[in-house]
Each structure stands twice: as structure tokens, then as C-alpha cells.
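Participant: give me a 3D structure for the following:
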Amino acid sequence: MESESIISAIDAEIAKLEQVRALLTNGGKVDDVTAPQKAKKVIVKQPKKRTMSPEARKRIADAQRKRWAATKKQASTPPAKTTKKAAKKAAPAKAKKSAPKKAVKRTVSPEARKRMADAQRKRWAMARKQKAAAPAKATKKAVKKTSPVKAAPAAAKPKAPKAETPA
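Facilitator: From the prediction side, this is the model:
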């Protein structure tokens, strides 16, 4: 009931502010209208608690059970026979069967997995081919690995003469 006292204090404050406003608009004259008035107590009613009839509760519960049964039935239905056959043909003979996982969102079919592996092998072959065709660059790591002798300092290396272009 603390809220009622807060509301009555707010109402009293509003009444005081209205009086001040009336005084300012009347040029400071006090008349019967602006005389101090007691703030009205506002009684706030608590909303009535709504209850549901037992019949309505039973209808809602039955409908929810029906929805649950439908979802369980969909989850327990086995996949079509055609997909099982295709999976058996594509699966390697040595593959071990693993326990079924519960919340599997998506799986890649064996055919798709094979296509992806073939495409990756093709990309690797292209990369090897390009690497072989490109001239080999001598990097610091390559020089260190190939020659155990320490390289001479840069200042001691002879510089090649620059070719001049006709102007």
C-alpha cells in the first residue's frame, strides 16, 4: 500500500503547482478558485485476477499433447528406402558404423563428399603445376636449408654493372 501514499503525495504536489500557475496567470491575485484545496485521495483498484475454468485448462493441455505427439511422430519416422539404398552404395566397405547423433542439423551425403574431395585434389594439382612452371626464387629460408656454409655479408658481394639505356 506504499504506492497509494506515493500517489497521494504526487496529487498534492500537482494541486500546489496548479495553484501557483493560477496565481501567476491572475497577476498574483488570490481568489476563491485558487484558495488552497485538499488533495483528493485516489483509490487505485487492483485488477481482478483472471482465472481459467478447468474445462479450458483441459482443452489447452489436450491440444498441447496433440502437438507434442505430432512432433515425436515426425522425428521417429525412418527416412525413405531410396536414400538408404543410395547411402549403402556410396559408403565405403571398411567404414565403421557410429552411434547415431541426436541433434544433427545437416549432413553431407557420401556422393557430395566425394565430389568435394575430387575438386580439392584438382585444385592441389593445379597449384603444383603452377609452382613447377614458375621460376624458383631463392629465399632466405631456402638458402639456409640448402647451403650449410654461411653466406658472405652483403657489402662483400660484387655488384653487377647496370645496363644503360640509350637516351
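Participant: pLDDT weak spots in this protein?
Facilitator: For the chain, the stretches with pLDDT under 70 are 1, 28-42, 78-102, 104, 136-167.
Participant: helices along that one, start to end?
Facilitator: With DSSP state H applied, the chain shows helices at 2-25, 54-76, 81-90, 110-133, 140-146, listed in chain order.
Participant: export those to TSV and tack on distance to Val44 and mean neighbour count?
Facilitator: C-beta here means a position set from N, CA and C on the backbone, and glycine is covered the same way. As requested, the helices of the chain are exported to TSV (distance: least, CB to CB, whole Å; neighbours: other CB atoms under 10 Å):
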stretch	distance to Val44	mean neighbour count
helix 2-25	6	12
helix 54-76	29	10
helix 81-90	65	11
helix 110-133	66	10
helix 140-146	82	9
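Participant: what's the closest of the ones you listed to Gln46?
Facilitator: Of all the helices of the chain, helix 2-25 sits nearest to Gln46, with 10.1 Å by CB to CB.
Participant: so which elements touch the closest one?
Facilitator: Counting contacts by 3 or more CB pairs under 8 Å, 6 or more residues apart in numbering; DSSP states H and E, helix 2-25 packs against no other helix or strand.
Participant: use 53 as the first number for this chain going forward.
Facilitator: Sounds good: first residue 53 from here, last item helix 54-77.
Participant: ok, back up a step: to Ala155, which of the helices of the chain lies closest?
Facilitator: Comparison of the helices of the chain against Ala155 by CB to CB identifies helix 106-128 as nearest, at 11.0 Å.
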